[in-house]
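Enquirer: have a look at this prediction, sequence included:
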Amino acid sequence: MSGDNTASLIYLVVLLVAIGSWVFVQNRLSLGKVIQQLAIWAFIFIGVIAVYGLWGDIRHTVQPQQMVLEDQGQVVVPRSADGHYYLTLQINGQPLQAMVDTGASDLVLSMEDAERIGIDTETLRFLGRASTANGEVRTARVTLDDVSLGATVDNNVSAVVNQGDQRKTLLGMSYLRRWSSFEIRDSQMILTR
């Protein structure tokens, strides 16, 4: 332990003793109640540390992740808390989360996601139009080198980039049709190749 760490530790112990002495003197008549309150705070502190330390395990239980069953040619996606299904794809070698949208005709990239996977959005020509819940938006057609989901890789995948305000990439029917089937059962979407 270095000299600075030792000095800090001594300072903290002295500070804790001073505060503890003050609490003891102020509450000497109701010491049992003070000990009870300190125990409650200690349990709260230990609980917070336990949740923080175990958060990775808790998160997988509370928020299940997609599973790739390669031997069965399936991808199983749990429904998220907001009621949607999200897939994590590799597009042009970059991981990208997309929301499954059976109402979308195409794989629709947000501007931010398009830039993240290496598309130069400054040179795109937004000649297409699409009707959305928020009105009409302009789109630009692109071809993605590869789209991977688990062991399944599709090359030269057609997609569009949405010029409008879109936060998530939408995984529409043009991609879902590449799978032999997709079904929703027991709060899970199952894609089979």
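Expert: Here it is on my side, so go on. Worth saying up front: this structure is predicted, and the values here are computed from it rather than measured. Numbers count the residues shown, from 1 in each chain.
Enquirer: so for the strand ranked longest in the chain, what gets flagged as buried?
Expert: The strand spanning the most residues in the chain, taking DSSP state E as the definition, is strand 135-149. By neighbour count, with 16 or more other Cβ atoms under 10 Å as the criterion, the buried positions of strand 135-149 are Val137, Arg138, Thr139, Ala140, Val142, Leu144, Val147, Leu149. Where C-beta positions appear, they are placed from N, C-alpha and C, glycine not excepted.
Enquirer: can you check the pLDDT for the first one?
Expert: pLDDT for Val137: 84.
Enquirer: and it, what does it touch?
Expert: When the contact criterion is Cβ atoms under 8 Å, 6 or more residues apart in numbering, the partners of Val137 are Arg129, Ala130, Asn162, Gln163, Gly164, Gln166.
Enquirer: check the last one too.
Expert: By Cβ under 8 Å, 6+ apart, the contact set of Leu149 is Val68, Val75, Leu87, Leu89, Gln90, Leu191.
Enquirer: now a PyMOL select for only the buried ones of those.
Expert: The following PyMOL line selects those of the contacts of Leu149 that are buried, judged by 16+ other Cβ under 10 Å:
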select buried, resi 68+75+87+89+191
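Enquirer: for the chain, what spans make up the helices?
Expert: Per DSSP state H, the chain has helices spanning 3-26, 31-53, 55-62, 111-116, 173-176. These are given in chain order.
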